[in-house]
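Q: kindly generate the corresponding structure for this input.
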Amino acid sequence: MPPRARIARSSAISGQPVTLRLLALGHHFVRRPRGGWRLGARTLRDDTAARLVARGLAEIVDDRLQRKAKAAP
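A: Now for the predicted structure:
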């Protein structure tokens, strides 16, 4: 069986592909009382959320981490 071809990822999603896909689908992570973020059984550390915010890919609104809205042209 031949090896599978690798699909090139955009640099915007290279660090957290599943997390960004969930955010792109309109889901949001909720802040956990013990620290970190939660979406169902999936959890994120605070530093991961901070990196997404610093890169401009997500924003924190109240106690939710959600995808940052793109500015209208």
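Q: quick check: buried residues in the worst-scoring helix or strand of the chain on mean pLDDT?
A: One helix or strand of the chain scores below all others by mean pLDDT, DSSP states H and E: helix 17-24, with a mean of 85. By neighbour count with 16 or more other Cβ atoms under 10 Å, helix 17-24 contains the buried residues 19-20, 22-23. Backbone N, C-alpha and C define where each C-beta goes, glycine included.
Q: tell me which stretches of the protein form helices.
A: In the chain, the segments counted as helices under DSSP state H are 17-24, 46-54.
Q: chain center to the last one: distance?
A: Its chain's C-alpha centre lies 9 Å from the corresponding centre of helix 46-54 when counted by Cα atoms, centre = their mean, to the nearest Å.
Q: so which residues make contact with it?
A: Helix 46-54 is contacted from outside by 15-16, 19-20, 29, 35-37, 58-60, 65, using Cβ atoms under 8 Å, 6 or more residues apart in numbering.
Q: tell me where this protein has strands.
A: Taking DSSP state E as the criterion, the chain carries its strands at 29-31, 37-39, 42-44, 58-61, 64-67.
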